[in-house]
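Asker: Whatever this is, show me its structure:
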Amino acid sequence: LLSLPCVFQMDTTPESYLDLFPLDAIVYLTPDSENGKYFTCLRQRLKVYVLGGLVDESIHKQLTLQRAREQSLQTARLPIREYMVKAPNSRNYHSETLAINQVFDILCTYNETRNWPVALKAGVSSGKGYVLREIAEQ
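Answerer: Numbering: from 1, shown residues only. Down below sits the predicted model:
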């Protein structure tokens with residue numbers, strides 16, 4: 001199989017994604033979703049992925065998950081828990097909440113490599129308190 005580079009066309013519109021796509025085609029990406037295994041089948045069906053947005057972890061926890069539920073949308077998260085472990089650190093800080101550009105970069109890397117460990121290693125900064133399982137086991 002030939003892997004195509006991550007190329008996206010972007011159009012802006014004042015319309016909501018809810019008006020543009022059928023509800024069953026929309027997957028709302030939020031770090032609070034329990035669905036981390038969804039991305040193992042990323043190419044099986046045509047979906048529209050909505051990046052949940054920037055959320056302050058301490059003030060608006062689960063805001064994006066709540067919004068998706070209110071809109072009756074499927075949710076998913078990056079499979080950080082499946083491929084990474086919490087790294088010991090002095091601050092005891094661990095976060096799966098990423099900026100939009102980080103999520104986009106991870107999805108692009110995954111699209112190009114079809115390898116979650118490679119994509120997550122490239123996109124999840126060490127400051128988030130996670131490392132790949134294989135690195136932690138060394």
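
Asker: Ignoring the adjacent residues along the chain, who's closest to residue 61?
Answerer: residue 32 (7.3 Å; C-beta to C-beta, 6 or more residues apart in numbering). In this view, the C-beta of every residue, glycine as well, is placed from N, C-alpha and C.

Asker: I meant residue 52, not that one.
Answerer: Nearest to residue 52 is residue 64, by C-beta to C-beta, 6+ apart, at 3.4 Å.

Asker: Where does that neighbour fall, secondary structure wise?
Answerer: Assigned by DSSP states H and E, residue 64 belongs to helix 63-70.

Asker: And for residue 108?
Answerer: helix 100-113.

Asker: Return the list of helices and strands in contact with that helix.
Answerer: Helix 100-113 sits against strand 48-51, helix 116-123, with contacts defined as 3 or more C-beta pairs under 8 Å, 6 or more residues apart in numbering; DSSP states H and E.

Asker: any idea of the mean pLDDT for the last one?
Answerer: Translated: helix 116-123. For helix 116-123, the mean pLDDT works out to 91.

Asker: Then the first one?
Answerer: Mean pLDDT, taken over the full extent of strand 48-51, equals 84.

Asker: For it, name the packing helices and strands.
Answerer: Right, strand 48-51 is packed against strand 26-29, helix 100-113 by 3+ C-beta pairs under 8 Å, 6+ apart.

Asker: Flag every buried residue along that strand.
Answerer: Neighbour-count burial for strand 48-51, counted by 16 or more other C-beta atoms under 10 Å, picks out 49, 50, 51.
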